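Novice: What follows is a protein structure lacking sequence information:
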């Protein structure tokens, strides 16, 4: 049981390049989400999904796309990277069932620099 | 939407002393209040949580208190140890998709 797995761990992009951050979970969680973490600002929700085929925007969705074709995977796409997207990105998952609902499990993070 | 404020932003204590971190939230519908610990370069990890039907919860040296009327909750760490040094985040939500985090408190425990 690996939990939440993110790849890559580090990435450097040039302005305007595109890339996909991968996230996979093996806990059969319905809910998956992407956060960005910037100094002094805590964790801010980018996009989330409550199940395969269902996604929605969080607090800071601009510049990012997501899709959820399977329960396990929830990739985050940057279509045209900007320096303002330099951040640490965390994927998280949670069960929506009764009992352990709301408890989010985080991946190890992806540190992204956009030059 | 929910808004969470966390204080202080930095906290330095001597080993063995207690540490208290406070958070306030805005949405009265919030009913779940977790605390996460994040060590340098690592992922946030849940250390304790509380739901709105209780006022206090303890787990060894860690306790959380909740005042729903005043919309604030606090993390208490007793007998602090150097390994408690980390950034601590509070959060509040009614559902996972509306979870909002505080800006974090950097705790330093001096040996």
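Specialist: Structure's in. What do you need? Note that the structure is predicted; figures quoted are calculated from it, not measured.
Novice: what does chain A put close to chain B?
Specialist: Near chain B, the residues belonging to chain A are A:31, A:33, A:40-45, A:48, A:50, A:56, A:58-59, A:90, A:94, A:96, A:101-109 when assessed by C-beta under 8 Å from any C-beta of the partner chain. C-betas here are computed from N, CA, C, even on glycine.
Novice: Skip the chain neighbours and tell me the closest residue to residue 95.
Specialist: If you meant another chain, say so; for now it's chain A. Among residues not flanking residue A:95 along the chain, residue A:29 sits closest, at 5.2 Å (C-beta to C-beta, 6 or more residues apart in numbering or on different chains).
Novice: You answered for a different chain; I wanted chain B.
Specialist: residue A:102 (7.4 Å).
Novice: what about the one you found, neighbour count?
Specialist: Around residue A:102 sit 21 other residues, with neighbours defined as other C-beta atoms under 10 Å in any protein chain shown.
Novice: OK, contacts around it?
Specialist: For residue A:102, the contacting residues are A:94, B:32, B:34, B:49, B:93, B:95, B:96, B:99, by C-beta atoms under 8 Å, 6 or more residues apart in numbering or on different chains.
Novice: most surrounded residue in those residues?
Specialist: residue B:99 (26 neighbours).
Novice: Please tell me I have it right and it contacts residue B:93.
Specialist: Yes: at 3.7 Å, residue B:99 and residue B:93 qualify as touching, with contact defined as C-beta atoms under 8 Å.
Novice: okay, and the common contacts of these two?
Specialist: The contact sets of residue B:99 and residue B:93 overlap at A:102, B:2, B:32 (C-beta under 8 Å, 6+ apart).
Novice: Among those, which one lies nearest to residue A:68?
Specialist: Distance to residue A:68 across the shared contacts of residue B:99 and residue B:93 (C-beta to C-beta) is lowest for residue A:102, with 19.3 Å.
Novice: Can you check the pLDDT for the closest one?
Specialist: For residue A:102, the pLDDT comes out at 70.
Novice: quick one: it and residue B:69, what's the gap?
Specialist: Using C-beta to C-beta, to the nearest Å, one gets 22 Å for the distance from residue A:102 to residue B:69.
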